[in-house]
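A.B. asks: model this:
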Amino acid sequence: LFLIDTKIKKGVQPKRTKNVRKMKAVARAISKTEKSEEKVLKAKSKKSRIQSAKSLYD
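C.D. replies: Numbers count the residues shown, from 1 in each chain. As a prediction, the model looks like this:
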């Protein structure tokens, strides 16, 4: 009986680690998309600043 219990516990553990890996992967993907959105916003603001500066001197 004791061996059966340990086998069951070992069987549960990989499922938990798999779920943790999935959760971490999802979090990583979300952070990557947020970073890319920030980059796009920065690029847009930079473009508008440059255009406004150019319009002052033209």
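A.B. asks: residue ranges with poor pLDDT in the protein?
C.D. replies: 1-13 (pLDDT under 70).
A.B. asks: try 90 this time
C.D. replies: 1-18, 57-58 (pLDDT under 90).
A.B. asks: how about the helices of it, start to end?
C.D. replies: Along the chain, counting by DSSP state H, helices occupy 2-57.
A.B. asks: Ser52: neighbour count?
C.D. replies: Look at Ser52: counted by other Cβ atoms under 10 Å, it has 9 neighbours. For the C-beta atoms, the positions are set from N, CA and C on the backbone; glycine is no exception.
A.B. asks: now it: how far from Asp58?
C.D. replies: For Ser52, the distance to Asp58 equals 11 Å [Cβ to Cβ, to the nearest Å].
A.B. asks: Ala27 too?
C.D. replies: 47 Å.
A.B. asks: quick one: Ser36 from Val20, how far?
C.D. replies: 25 Å.
A.B. asks: now swap in Lys44 and tell me
C.D. replies: For Lys44, the distance to Val20 - Cβ to Cβ - is 37 Å.
A.B. asks: count of neighbours near Leu41?
C.D. replies: Leu41 has 10 nearby residues by other Cβ under 10 Å.
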